[in-house]
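1. coords please:
(chains A and B)
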Amino acid sequence: MTANETIHPTAPAPEIDASCRLPLLALLVGASVWLVVGTVLALIASIKFHAPEFLAACPLLTYGRVVAAANDALVYGFCLPASLAVIIWVFARLSQTVYTLPLVPVVAAHIWHLGVFIGLLSILLGHSTGFTWLEFPRGGSILLFVAFVLIAIPTAASFGFRLEKDLYPSHWFLLAALLWFPWSYASANIFLVAMPVRGVAQGVVNLWFANNLLYVWFSLVGLGIGFYFLPKLTGRPLQTYYYALYVFWTLALFGTWCGLPQGSPFPAWITTLSSVAAVLLIVPLIGVTVVFGRSLGGPGSDGPMGGPLSFVKFGLVSFLLSTLMYIALACPQISRLLEFTWFGVAQSQLQILGFLAMVLFGAIYYILPRALGFDFIAPQFIRAHCFLAGLGVVFWVAPLALAGYAQGANAYSLDASLNWLRISTLGLGFILLGNLLFALNILAMFLTWKLNLVKTLFAAITAPLKVSEVKS
Amino acid sequence: MAASIQLGSVTQTTVLNSSDVYPPQRTGDATLGLQVYRANGCAACHTEQVRQEGVTCAVVLTGAGKNPQAVTNLLATLTLTGLTKEAADAVADQITAAGGKVEIHIVPVGTDIDHGWGVRRSVAEDYLHDYPVQLGSLRAGPDLANIGVRAPDANWQLLHLYAPQSVTGTSRMPSFKYLFTVQKVGATPSPDALNLPAAFAAPAGFEVVPKPEARQLAAYLLSLRANVPVYDAPFTPPAQP
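-> Next up, the predicted model:
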């Protein structure tokens, strides 16, 4: 451990880390597979804009299904379980206690990944619910809900048993995230699938959920983890505690109302309220900028370029940009031009792949060797991943945003945006390569761990019995 | 969830200045067609919502009266469209004083309306019979809230689904060939076979026949007609001939 351990003193850190080993592996191995699956599906979708007839004869891979499956694989397949894994570890560390009941999240992780599998397959077979970010039909969504709650309960319980009584800002963010998802996911599924509301109210519920997942939940998790790792990786205390709390409250207060665009067929008061709330996001945005800026200045060690800190920093900068884009979309003048264009896609992809995924990569690269007690098989892949992911996000998101502008300025003409779309495919290609390196490292680590386990077991069986045991 | 309570109580309404109910019930095929639309993710590329930036008034001459020359001369000096209500009233008074007969029309304006995607903004009633509501959030292709008005021919819709480029030259919409069967022509050709241009036609001796899904989807598309004035979004419809 480095000097920054002084922030949370006297930890039997290796013991705590080891107690999280099984849940971390169960969540992360599946997550890294879904990450690659999601990126491949996204690439297939993107290629269809180069050649509309690419795989068009196959109903499973028609554009509308592939895009939905790609997005859900990235969000529900990777972002959520990987977030849960990191939250489990951060909570254990912050509470200075070993993780209680590690087998519950292991079972839950398998339920979760089964739910994702069923959900994705259903989408490709044409059984999507038709609601954005809620495409998984009942079979999948119930499994996800159960699994999430199974993980959230023991994790939140470990918070209750904490030895370290002081609350750290990350506690607020991550505890809120553990409650926020089951609440919003269940509400949305009840109002849309179980007992659907009538007519256009479905649109309101759908957009409300999309905002609460992609904006509020992602921000809670990404910032909560970011605010934990920033001081840990730089060796400088978080600047400042109060700003971070301020960000938390303003984000929770304003964030939850956003996402209902002006001009949609809803009563005007709803969309106006939503725009006002979105513009007020400028308040937490300033807060994050201050915390982030101050935590980076001053003495300390930033570690090697391309290591975990680089991922976290990239993620937090992406958060600032994606929030600015989100606010811009809520301003009537700008949204008249950019609404319903690729610009919105650029914003959500920046939030997913540029912000949360990057923060998670950084955290996982830091945590996993500690939890397993040995280093990555190919540590040089980490730098390559960092480089590819950074380049990829820039080349994926910036051309999409420009495509949005080209589209908005040219009567939504697809042809006007086509060249930008084609460049964005290149960015996605880089992202895929990076994600492959990540998945390889995680899988290699898992296999090594399994192998060691078998070896230990084998050694225990074949070891000559001790004399004392023979006698008794 | 106050919003959903308010919106949840939306019911059928009547068309302004008429006794017709709106929206009409969909046919069985069209209702099933919405499920085909959902299953294939058409909403990934198409929205079903028309926005409007405001309304203007237009003064329309309905009769020239006893002194047509004076009215014509007067009209030449006036702006008749894009007016506020007050300005329209003032212009109407002027023309009436000169002996002409006029009507004041309500005209919604906005970029979507300029694109020809609708005559008014979309309102809650338009989606009353939809489950799931497919508002969409990206316009890779045109808005479809009024596609049934724009392209009311089921055969055109089927040709477009089978081979978009067969009807819109440079289309970048993917084809949905899997909603059709290519089969050997029997003793008598199927009456449903598509009449495709040579470049897209099936090989000699074969014909392209829509599966039920394709027909249902086309019926759904034709049912998308949000072109009547309602209380929330008034406008003056063109006079019935």
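
2. In space, what's closest to B:Thr11 - neighbours in sequence excluded?
-> Ranked by C-beta to C-beta, 6 or more residues apart in numbering or on different chains and with sequence neighbours excluded, the top spatial neighbour of B:Thr11 is B:Leu128, at 7.4 Å. In this view, the C-beta of every residue, glycine as well, is placed from N, C-alpha and C.

3. Compute the distance between the one you found and B:Gly33, please.
-> 17 Å (C-beta to C-beta, to the nearest Å).

4. Quick check: which ranges of the stretch 51-200 of chain A have low pLDDT?
-> A:163-165 (pLDDT under 70).

5. Near chain B, which residues of it are found?
-> Residues of the stretch 51-200 of chain A lying near chain B by C-beta under 8 Å from any C-beta of the partner chain: A:52-53, A:56-59, A:62-65, A:67-68, A:126-132, A:187, A:191-192, A:196-200.

6. mind checking which helix or strand A:Ile382 is in?
-> helix A:380-409 (DSSP states H and E).

7. name the helices or strands packed onto that helix?
-> Judged by 3 or more C-beta pairs under 8 Å, 6 or more residues apart in numbering or on different chains; DSSP states H and E, the packing partners of helix A:380-409 are helix A:308-330, helix A:332-338, helix A:342-349, helix A:357-372, helix A:414-462.

8. pretty sure B:Pro197 is touching B:Tyr162, no?
-> No. Using C-beta atoms under 8 Å, B:Pro197 is not in contact with B:Tyr162, being 11.1 Å away.

9. Pick out whichever of the two has more residues nearby.
-> B:Tyr162 (22 against 11; other C-beta atoms under 10 Å in any protein chain shown).

10. Now name the helix or strand holding the residue lying closest to B:Gly41 once chain neighbours are set aside.
-> Distances taken as C-beta to C-beta, 6+ apart place A:Gly64 nearest to B:Gly41, at 1.8 Å, with adjacent residues excluded. Following DSSP H and E, one finds A:Gly64 within helix A:63-72.

11. Next: B:Thr181.
-> Per DSSP H and E: strand B:180-184 holds B:Thr181.

12. Tell me which residues are up against that strand.
-> B:161-162, B:190, B:194, B:202, B:205-211, B:214 (C-beta atoms under 8 Å, 6 or more residues apart in numbering or on different chains).

13. Please apply the same query to stretch A:181-188.
-> A:80, A:131, A:134, A:141, A:144-145, A:148-149, A:152, A:205-206, A:208-209, A:212-213, A:217, B:1.

14. What's the local residue count around whichever residue of chain B sits closest to chain A?
-> Nearest residue of chain B to chain A, counting by C-beta to the nearest C-beta: B:Gly41, 1.8 Å away. Number of residues near B:Gly41 (other C-beta under 10 Å) recorded here: 23.

15. who are the neighbours in contact with it?
-> A:62-65, A:67-68, A:128.

16. ditto for A:Leu360
-> Counting by C-beta under 8 Å, 6+ apart, A:Leu360 touches A:78-79, A:82-83, A:86, A:225.

17. Okay, domains of chain B per the record?
-> B:2-46+B:123-222, B:54-109 (automatic domain parsing).

18. Quick check: which of those domains is nearest to A:Leu368?
-> domain B:2-46+B:123-222 (35.2 Å; C-beta to C-beta).

19. pLDDT (mean, whole number) over that closest one?
-> For domain B:2-46+B:123-222, mean pLDDT is 91.

20. Next secondary structure after whatever helix or strand B:Thr56 lives in?
-> If you go by DSSP H and E, B:Thr56 is part of strand B:54-63. Once the chain leaves strand B:54-63, the next helix or strand it forms, by DSSP H and E, is helix B:68-76.

21. residues in contact with whichever helix or strand comes after that following helix?
-> Counting by DSSP H and E, the next helix or strand C-terminal to helix B:68-76 is helix B:85-97. Residues outside helix B:85-97 that contact it (C-beta under 8 Å, 6+ apart): B:57-59, B:61, B:71, B:74-75, B:78-80, B:83, B:102, B:104.

22. Sketch out the low-pLDDT regions of the stretch 201-350 of chain A for me.
-> Applying pLDDT under 70 to the stretch 201-350 of chain A flags the ranges A:297-304.

23. tell me which parts of it are close to chain B?
-> Checking the stretch 201-350 of chain A against chain B by C-beta under 8 Å from any C-beta, the hits are A:201-206, A:263-267, A:270, A:336, A:339-342, A:344-345.

24. Could you find the residue in chain A that comes nearest to chain B?
-> Closest point on chain A to chain B, by C-beta to the nearest C-beta, is A:Gly64, at 1.8 Å.

25. Tally up the residues packed near that residue, please.
-> By the criterion of other C-beta under 10 Å, A:Gly64 has 24 neighbours.
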